[in-house]
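Quick one: sequence plus predicted model below, questions after.
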Amino acid sequence: MTTIQIDNAPAQGLEDSSLDEKLERLDEILGSMGGTVLIGYSGGVDSAMLAVAAHRVLGKRAIAVTADSESYADGELERAVEIVEQFGIPHEVVHTREIDNPDYASNPINRCYFCKSELFIHMGKLAEKHQATAILYGQNADDVGDFRPGATAAREYGVRAPLMEAGMSKDDVRQLAKRWGVPVWNRPAMACLSSRFPYGTAVTSEGLRQVDRAERFMKDLICEQLRVRHHDHVARIELPADELTSLVADVALRRLIADELSSLGYRRVTLDVIGFRSGSMNEALDSGEDAPVPDAATVFTQMGLEGRAEFDEQILCLQLEETALMKLIDPQARMTLAGELRHTATPYVAFDLTSGSPTA
């Protein structure tokens with residue numbers, strides 16, 4: 001197989017270009033590729049839009065390739081297949097076993113490097129079968145500078161990122177996907193299930209299934225854009241601000257969630273005080289100098305809250321009276337509380353949904 005070694009940097013000045021100008025550049029990049037090309041395709045908006053763009057330019061010479069593994073959430077493969085069938089894009093599925101690699105399963109901070117390496121090795125073998133001249137993946141221009149070990153693997157394997165080369169941002173990708181009728185244009189960002197595990201916590205088949213079941217329950221119950229972070233025996237749920245406000249105010253729903261996730265094997269179920277944000281596991285990597293560890297009891301007194309706190313698996317678990325929780329329906333009050341309690345020693349602050357009343 002012949003691949004093209006490049007630095008995958010966006011062309012200078014494209015950040016100020018219009019979407020149509022960036023699309024013209026993307027078409028030029030894709031049109032310059034001779035022979036068959038393979039596109040790493042998860043079904044998320046970036047890879048879906050790239051697959052559609054490549055198909056528009058290259059036709060049947062563009063083949064989407066999906067890696068089916070234990071870290072791929074249940075139902076995602078079926079969703080991905082629906083999109084390529086809608087646009088008539090050739091599609092291949094490879095079955096990867098990155099979890100068998102101890103370097104991946106031990107969950108180091110560069111776990112994504114080993115995942116992408118596994119994918120690109122499989123795609124390389126597939127490229128030989130199709131005599132492909134290039135392998136592509138869906139990194140966009142907004143990803144530059146972010147902590148993305150997978151990009152290192154892409155460079156090592158000569159994998160190109162045409163969206164980034166064309167200077168397309170995440171917003172550009174969504175706008176273009178909407179224009180073309182790609183059904184995931186407004187879908188929340190995807191991430192593999194392994195991203196729910198704190199670095200250093202082993203990624204296991206059992207844990208992945210546990211996370212998948214927990215997130216499917218939560219998504220059916222509340223919304224699509226959420227995470228259930230897997231801190232060994234503790235689940236830490238991240239919700240968008242509006243949904244978090246509603247749940248804090250709903251005693252019955254909190255109890256339902258605690259009971260369901262407990263039935264899946266979590267001994268403690270918590271609700272992150274800040275809420276949903278992508279890449280929250282990276283917050284625990286901050287090892288810089290910090291002020292003394294805050295005293296939760298003192299903070300509670302200052303804010304007029306009744307309760308106590310316990311530290312468990314990187315999480316400061318807040319066991320608050322119902323009257324205290326009602327004071328925290330206000331998002332600003334929650335952010336103030338989190339700001340007072342967060343520390344490098346306690347990177348995550350969450351309401352403990354399984355504790356019941358601390359004075360009961």
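Perfect, I can see it now.

can we go C-alpha only for contacts and neighbour counts from here?
Will do.

Any buried residues in the helix or strand where Val93 lies, and which?
Using DSSP states H and E, Val93 maps to strand 91-95. Across strand 91-95, burial judged by 16 or more other C-alpha atoms under 10 Å covers 91-92.

Could you export that strand as CSV, CA atoms only?
Output in CSV follows, covering the C-alpha atoms of strand 91-95 (Å, rounded to 0.1, in the frame of the first residue of the first chain):
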residue,chain,number,x,y,z
HIS,A,91,-18.7,0.0,3.6
GLU,A,92,-16.4,-2.5,5.3
VAL,A,93,-16.4,-3.6,8.9
VAL,A,94,-13.3,-4.7,10.7
HIS,A,95,-13.3,-6.4,14.1
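
what are the pairing partners of it, and which direction each?
strand 62-68 (parallel) (DSSP bridges).

Quick one: list the elements packing against the helix or strand following the strand it pairs with.
Moving toward the C-terminus from strand 62-68, the next helix or strand (DSSP H and E) is helix 76-87. Helix 76-87 is packed against strand 62-68, with contacts defined by 3 or more C-alpha pairs under 8 Å, 6 or more residues apart in numbering; DSSP states H and E.

mind redoing it with 10 Å?
helix 45-58, strand 62-68, strand 91-95 (3 or more C-alpha pairs under 10 Å, 6 or more residues apart in numbering; DSSP states H and E).

which residues in this structure form helices?
Listed in chain order, the helices of the chain (DSSP state H) span 19-31, 45-58, 76-87, 102-105, 111-130, 149-156, 162-165, 170-180, 205-221, 241-248, 251-263, 296-303, 322-327, 331-341.

mind putting those helices in a markdown table, mean pLDDT included?
Below are the helices of the chain laid out as a markdown table (pLDDT from 0 to 100):
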| stretch | mean pLDDT |
| --- | --- |
| helix 19-31 | 97 |
| helix 45-58 | 98 |
| helix 76-87 | 96 |
| helix 102-105 | 96 |
| helix 111-130 | 95 |
| helix 149-156 | 90 |
| helix 162-165 | 96 |
| helix 170-180 | 97 |
| helix 205-221 | 97 |
| helix 241-248 | 97 |
| helix 251-263 | 97 |
| helix 296-303 | 97 |
| helix 322-327 | 96 |
| helix 331-341 | 96 |
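
Quickly compare those and say which is most buried.
helix 162-165 (a mean of 26; mean count of other C-alpha atoms under 10 Å).

Would you reformat the helices of the chain as TSV and include distance to Tyr137?
What follows is those, written out as TSV (distance: least, C-alpha to C-alpha, whole Å):
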stretch	distance to Tyr137
helix 19-31	12
helix 45-58	7
helix 76-87	15
helix 102-105	20
helix 111-130	10
helix 149-156	8
helix 162-165	8
helix 170-180	13
helix 205-221	24
helix 241-248	32
helix 251-263	35
helix 296-303	46
helix 322-327	45
helix 331-341	37
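
Which one of those lies nearest to Asp352?
With respect to Asp352, and counting by C-alpha to C-alpha, the nearest of the helices of the chain is helix 251-263 at 9.1 Å.

Which one of the helices of the chain lies nearest to Ile274?
Closest to Ile274 of the helices of the chain, according to C-alpha to C-alpha: helix 331-341, at 6.3 Å.

and the angle from the closest one to helix 296-303?
Per axes from the mean of the first three to the mean of the last three C-alpha atoms, to 10 degrees, the angle that helix 331-341 makes with helix 296-303 is 140 degrees.

Now do helix 331-341 against helix 241-248: the angle between them, please.
Helix 331-341 and helix 241-248 meet at an angle of 90 degrees, taking the same axes, to 10 degrees as the criterion.

and helix 331-341, what other elements does it pack with?
Looks like helix 331-341 contacts helix 241-248, helix 296-303, helix 322-327, strand 348-352 (3+ C-alpha pairs under 10 Å, 6+ apart).

Can you redo these as TSV, where the extra columns are distance to Glu21?
Shown next, in TSV, are these (distance: least, C-alpha to C-alpha, whole Å):
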stretch	distance to Glu21
helix 241-248	36
helix 296-303	53
helix 322-327	50
strand 348-352	43
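
closest one to Leu126 among the ones you listed?
strand 348-352 (42.2 Å).

Average the pLDDT values over the closest one and round to the nearest integer.
For strand 348-352, mean pLDDT is 97.

Was I right to think Ile61 contacts Ala54?
Quick fix: residue 61 reads Arg, not Ile. Yes - counting by C-alpha atoms under 10 Å, Arg61 does reach Ala54; the two are 8.6 Å apart.

what is in contact with these two at once?
By C-alpha atoms under 10 Å, 6 or more residues apart in numbering, Arg61 and Ala54 have these common neighbours: 37-38, 89.

Contact partners for the closest residue to Arg187 other than its chain neighbours?
Excluding the flanking residues, the one nearest Arg187 by C-alpha to C-alpha, 6 or more residues apart in numbering is Val45, at 7.1 Å. Taking C-alpha under 10 Å, 6+ apart as the criterion, Val45 is in contact with 51, 138, 170, 173-174, 177-178, 182-190.

sorry, back to before: just curious, which of the shared contacts of Arg61 and Ala54 is nearest to Asn110?
Closest to Asn110, out of all of the shared contacts of Arg61 and Ala54 and judged by C-alpha to C-alpha, is Leu38, at 24.5 Å.

if I pick the residue nearest in space to the middle of the chain, what's in contact with it?
Computing the C-alpha centroid of the chain and ranking residues by C-alpha atoms, centre = their mean puts Ala191 first, at 2.9 Å. By C-alpha under 10 Å, 6+ apart, Ala191 lies in contact with 42, 44, 71-73, 227, 278-279.

roughly how far apart are it and Glu340?
Computed as C-alpha to C-alpha, to the nearest Å, the Ala191 to Glu340 distance reads 30 Å.
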